[in-house]
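Undergrad: Could you look at this predicted model? Sequence included:
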2 protein chains.
Amino acid sequence: MSDSEKNGSYYLRGRLWIEGPEGTFLGYGRVMLLESIREHGSISEAARTMKMSYRYAWKLVDSMNRHSRTPVVVKNTGGRGGGGASLTEAGEQAIDLFRRADQDLQDFLTERSRQLSL
Amino acid sequence: MSDSEKNGSYYLRGRLWIEGPEGTFLGYGRVMLLESIREHGSISEAARTMKMSYRYAWKLVDSMNRHSRTPVVVKNTGGRGGGGASLTEAGEQAIDLFRRADQDLQDFLTERSRQLSL
């Protein structure tokens, strides 16, 4: 590889998460889970499409609910893994908050990558 | 926890890495390895203090060397795992490049955290 090819082909990549007093509140996996619950109207179905156990998905939802002033997901009816679930207004806001912060991060990284001198 | 306690206690956290045409060039672990090689003058000693195998440490060094126009680490003398190693000028620049980018990221996250409305 020539020097000129090496120059300008490096870029910054990054990931972010939102932390609260009790640890992670929102990250990519958690927000994808919220989006999947919104799509499927069910925690168990969302978990299945994300190839995670219902138990783990519920643990994430429970953590987000406890971090938030009002719950991000509410169960509608039915027993363990059986009933439906809906995203609340707080859940929609959480997705929006995270996606906007991530977009700003990606914009920052794109801009900052231009200053890399390698 | 009261609403007022919940407000203002959320913040953005993030990690970054520098990617080149062949994958990751620099990340936190790789830069810590470079700093440890600078401190110890030896890949094997640096690996030991970071609790990684010599084989893995060398793999990371080799990857960084292949990404860089000039090597970031050179072996001085001796056989496999035996001889000393030094950071080159390119290695110093790599550490500096990464640490400055990371500082800028942390500044961005601190500033952007103030805009979180939860």
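TA: Okay, I see it.

Undergrad: State the distance from A:Ile37 to chain B.
TA: Remark: distance between A:Ile37 and chain B (C-beta to the nearest C-beta, to the nearest Å) = 19 Å. All C-beta spots, glycine's among them, are computed from the backbone N, C-alpha and C.

Undergrad: Just the helices from chain A, written as ranges.
TA: Taking DSSP state H, the helices of chain A run over residues A:3-6, A:28-40, A:43-49, A:54-67, A:89-113.

Undergrad: Least reliable of these by average pLDDT, please.
TA: Comparing mean pLDDT across those, the lowest value falls on helix A:3-6: a mean of 42.

Undergrad: related to what we said a few turns ago, reformat the helices of chain A as JSON lines; add mean neighbour count.
TA: Output for the helices of chain A, formatted as JSON lines (neighbours: other C-beta atoms under 10 Å in any protein chain shown):
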{"stretch": "helix A:3-6", "mean neighbour count": "10"}
{"stretch": "helix A:28-40", "mean neighbour count": "18"}
{"stretch": "helix A:43-49", "mean neighbour count": "19"}
{"stretch": "helix A:54-67", "mean neighbour count": "17"}
{"stretch": "helix A:89-113", "mean neighbour count": "16"}
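
Undergrad: With distance to B:Gln115 added, can I get those helices in a markdown table?
TA: As requested, the helices of chain A are exported to a markdown table (distance: least, C-beta to C-beta, whole Å):
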| stretch | distance to B:Gln115 |
| --- | --- |
| helix A:3-6 | 37 |
| helix A:28-40 | 18 |
| helix A:43-49 | 29 |
| helix A:54-67 | 18 |
| helix A:89-113 | 8 |
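
Undergrad: quick one: contacts for the spatially most central residue of chain A?
TA: Central residue check for chain A by C-alpha atoms, centre = their mean: the C-alpha nearest the mean position is that of A:Val31, 2.5 Å away. By C-beta atoms under 8 Å, 6 or more residues apart in numbering or on different chains, the contact set of A:Val31 is A:94-95, A:98-99.

Undergrad: Out of those, the closest to A:Glu22 would be?
TA: Nearest to A:Glu22, judged by C-beta to C-beta, of the contacts of A:Val31 is A:Ala94 at 15.3 Å.

Undergrad: ok, now how distant is that closest one from chain B?
TA: 8 Å.

Undergrad: How about A:Gly83?
TA: 28 Å.

Undergrad: just A:Arg13 next, same as before
TA: Distance from A:Arg13 to chain B, by C-beta to the nearest C-beta: 5 Å.
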